[in-house]
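S.K.: Here's a sequence, model it:
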Amino acid sequence: MKETELAQHFVDYLAGFDLYFEVDYHRCIDIVALNGNISAAYEVKTSFNFKVLEQAVDNAKYFNFSYVAVPDFNDWMFQRKLCETFGVGLLVYDAKKGYNDVREIVHPKLNRHADNKKLRNKLREYNKMSLPGARSGDTYKVTAFQVTVEDAVRYVRHHPGCSIKEMVSNINHHYGSDRLAAVNLYQWIHKEVIKEIRLENKGLYINPINK
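M.R.: Down below sits the predicted model:
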């Protein structure tokens, strides 16, 4: 089973929460769930290992609750003890069950000091469009850069010949300032990383193949 397929079972289990996927918050987190003023992070992996445990322990510093989410197997004694020791939760998916196929084996410790206001400022609508468990470069992983490019292409399509400065000042972008956005987007257009847009006589135009 692929990680993206496994993740969908946990998404279904968490359907009552406000969910965000592939969230860049101190690190890339598979699933972030909000329930009022409570936040939880879920790291989905196809097997329990020390890497996923380390990720969950790190997430516990920034969320009210932190979980490892993995497939079920026969003996959970050692994994249960590790999770209890480090204060992280353990969710497992049992493929043999047709109903209630996800269960919580360990409930995580509550971190009362999580800065959920800071977290909410990092969440974006495009996080809801990503596929949890998708890796960098995967078609189903929507990044902040992709969203910026889509907004840039949309603006240039309706304002052919505009300057980079004009475009940047009229779109939503993920850079820290308009100046940084202009410098970086100019570079990626010039290097044809952004293939949809070309620079001609200091004006921006959509490449014919993308019209």
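
S.K.: which residues of this protein fall in helices?
M.R.: Here the chain has its helices, by DSSP state H, at 3-13, 50-59, 77-86, 116-122, 144-158, 164-169, 178-190.

S.K.: does residue 101 really touch residue 91, like I thought?
M.R.: No - the criterion here is CB atoms under 8 Å, and residue 101 misses it with residue 91 at 10.9 Å. Just so you know, the C-beta spots here come from the backbone N, C-alpha and C atoms, and that holds for glycine as well.

S.K.: Out of the helices of the chain, which is closest to residue 70?
M.R.: Taking CB to CB, helix 50-59 is the member of the helices of the chain nearest to residue 70, at 7.0 Å.

S.K.: Which residues does that closest one contact?
M.R.: Outside helix 50-59, the residues that touch it by CB atoms under 8 Å, 6 or more residues apart in numbering are 26-27, 29, 41, 43, 45, 66-68, 70, 82-83, 86-89.

S.K.: Could you rerun that using 10 Å?
M.R.: The contact list for helix 50-59, computed with CB atoms under 10 Å, 6 or more residues apart in numbering, reads 25-30, 32, 39-46, 63, 65-70, 79, 82-83, 85-90, 108, 111, 114.

S.K.: now that helix and helix 77-86, what's the angle there?
M.R.: Counting by axes from the mean of the first three to the mean of the last three CA atoms, to 10 degrees, helix 50-59 lies at 20 degrees to helix 77-86.
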